[in-house]
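Participant: just coords:
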């Protein structure tokens, strides 16, 4: 799974000074593997990952990043939430809007799946109806062929007499 630059920077800020949290605790908190965080640390030390070049505007965040921030914020007490939001350049309104936005997105997906399921059920029903009709037509054709064969046999039998 590829993480965005903003998530990587957020995690590294927790691991690096001044926070200096352990990699294990940040890993558990964020749901990211220990080795992944160590790789990001190595990338930042080697210059592959620049911590200063992140888009700071909340509008550049993906839905995954928004969800991750909402998840982090929900685990933080109200007293620490102000610092958490300032650290990321956010307002409390962002969390409320994003939560609502993500809930609507999930509801829309559920509605779309329900509509799709209903459409598929209707299609299956119509295909079964058509198959049943064709089975009946095939059975009728087979019966007519059998009758024709019997009729031919009877006519041929009468000619031999």
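Facilitator: Thanks, I have it. Note that the coordinates shown come from a computational prediction; the quantities given were computed from them, not determined experimentally.

Participant: and residue 2, helix, strand or coil?
Facilitator: Three-state assignment for residue 2 (DSSP: H, G, I helix; E, B strand; the rest coil): coil.

Participant: Model confidence at it, what's the number?
Facilitator: Per-residue confidence for residue 2 comes out at a pLDDT of 72.

Participant: What's the mean pLDDT across stretch 90-105?
Facilitator: Regarding stretch 90-105, the rounded mean pLDDT is 86.

Participant: residues of that stretch that come out buried?
Facilitator: 90, 94-95, 98 (16 or more other CB atoms under 10 Å). Where C-beta positions appear, they are placed from N, C-alpha and C, glycine not excepted.

Participant: which other residues reach it?
Facilitator: Judged by CB atoms under 8 Å, 6 or more residues apart in numbering, the contacts made with stretch 90-105 from elsewhere in the structure are 58, 63, 66-67, 69-70, 73, 81, 85.

Participant: Most neighbours among the residues you listed, which one?
Facilitator: Highest neighbour count within those: residue 69, with 22 neighbours (other CB atoms under 10 Å).

Participant: Next one: the residue nearest to it when sequence neighbours are not counted relative to residue 77, how far apart?
Facilitator: The spatial neighbour of residue 69 that comes closest, neighbours along the chain excluded (CB to CB, 6 or more residues apart in numbering), is residue 88 at 6.8 Å. In this view, residue 88 and residue 77 are 17 Å apart by CB to CB, to the nearest Å.

Participant: Counting neighbours, go ahead and name the busier of those two.
Facilitator: Between residue 88 and residue 77, counting by other CB under 10 Å, residue 88 is the more crowded of the two (18 against 7).

Participant: and the gap between the more buried one and residue 50?
Facilitator: The separation that residue 88 has from residue 50, given CB to CB, amounts to 18 Å.
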